[in-house]
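[1] I'll drop the sequence and a predicted model, then ask my questions.
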Amino acid sequence: MRLLKEIRTLMGNYHVKSGMYHYYRSEFAPAVEFFRKALRDPALTESDRRTARYYLTMTFMTSAERKVGKGEVEEAIADFQRAVEVSPTYPDIRYRLGRTLERLGRHEEAIEQYRQATACQRDYLDAQVALAFCLLASRRQDEAVAAMQRALELKIQRIRTPFDRGLERLREGAWTEAGDFFHTAFLSEPQRFEEEFQAALDKLKAEDYEQALEHLDQGLSLNPRYPDIHNYRGIALCELGRVDEGVEAFREATSLNPSYLVPWLNLAFALVRAGRLKDAERELEAILKKDPTEPTALAKLEELQTGRAPERRRSTARGASS
């Protein structure tokens, strides 16, 4: 989840906004403090609460990944466990925690995390494969057999599902969409995609938008139907001044996942950048139909309809506009 800079400055809650400011500067301790303060506020809107919980989770996860990279594995495990406490049904945390536990030979704990990950998301192939191999390493024969069989089912499903959808679109004459589905079925490379995607995120964080876009385009060629790729491409394109292309990238992200509000917000604000104010108003109104408490949509819609920026209840966090 990533928002255009001008959206972050309109976050309704001071502590959420401050936490995001510190998170994007990799200042994890103050970010945690601000997000926890926000979550203790009984008056926090549900929209801000979701944002604070998401970013608190990501703060712990990002900190943990950094510590893994530096060889601080025990400290990384502690951060992953804190992330689990905030978002216990987020399967990717469980998977990454399991991988880290396995590095230390703590196989029983790793197996439990992989099981939790697959319980949260039954088609999570990477977690299922990791579980199967961890059971194999633990010499738990019957369980390993069952886990390997399930991994095979999911591997076949990963090809079969987009293949069947591609056939449907092809029969309907939707050639481009059919090609995307067949590409996913036959040409996707999950490990390389993950490498390109992570490299793009690192470049976005460093505000190297040209390099980020190159990695995102590589990722797009590997997995054209992944909504986050289109959202992040929109960010990079807008920051490079290619706003019209950014609008189309955000629109593609929303079409692939209509319930995902982040690219929808980015689309509305990109339309403002492009000077398409009426179009922006329509998108903001649609967002507020889904979430009437969304603070940035409320603030920007008020600004567009009244011709003036809404009054701020509190001063922004130091440097929050970055």
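    Nice, thanks for sending it over.
[2] From now on I want contacts and neighbour counts done on CA atoms only, so please keep to that.
    Noted.
[3] Low-confidence regions, the stretch 1-150 of the chain specifically.
    The stretch 1-150 of the chain contains no residues with pLDDT under 70.
[4] Check which residues of the longest helix belonging to the chain are buried.
    As assigned by DSSP state H, the longest helix anywhere in the chain is helix 141-171. Across helix 141-171, burial judged by 16 or more other C-alpha atoms under 10 Å covers 144, 147-148, 150-151, 154-155, 158-159, 162-163, 165-167, 169-170.
[5] That one packs against which elements?
    Contacts defined by 3 or more C-alpha pairs under 8 Å, 6 or more residues apart in numbering; DSSP states H and E place helix 141-171 against helix 125-137, helix 175-186.
[6] chain center to the longest one, what's the gap?
    Right, helix 125-137. Here the centre of helix 125-137 is set off from its chain's centre by 24 Å, with C-alpha atoms, centre = their mean, to the nearest Å.
[7] what's that helix in contact with?
    95, 99, 102, 107, 110-111, 114-115, 117-118, 141, 143-145, 147-148, 150-151, 154-155 (C-alpha atoms under 8 Å, 6 or more residues apart in numbering).
[8] The residue most central in space within the chain - nearest residue in space that isn't next to it in sequence?
    For the chain, the residue nearest the mean C-alpha position is M1 (4.0 Å; C-alpha atoms, centre = their mean). Distances taken as C-alpha to C-alpha, 6 or more residues apart in numbering place V262 nearest to M1, at 6.6 Å, with adjacent residues excluded.
[9] My read is that the one you found contacts I7, right?
    No. With contacts counted by C-alpha atoms under 8 Å, V262 stays clear of I7, the gap being 10.1 Å.
[10] Tell me the spacing between the residue lying closest to T118 once chain neighbours are set aside and L152.
    Excluding the flanking residues, the one nearest T118 by C-alpha to C-alpha, 6+ apart is Y124, at 5.9 Å. Separation of Y124 from L152 (C-alpha to C-alpha, to the nearest Å): 12 Å.
[11] picking up where we left off before, of the helices and strands packed on helix 141-171, which is nearest V73?
    Closest to V73 of the helices and strands packed on helix 141-171, according to C-alpha to C-alpha: helix 125-137, at 18.5 Å.
[12] tell me the angle that closest one makes with helix 141-171.
    160 degrees (axes from the mean of the first three to the mean of the last three C-alpha atoms, to 10 degrees).
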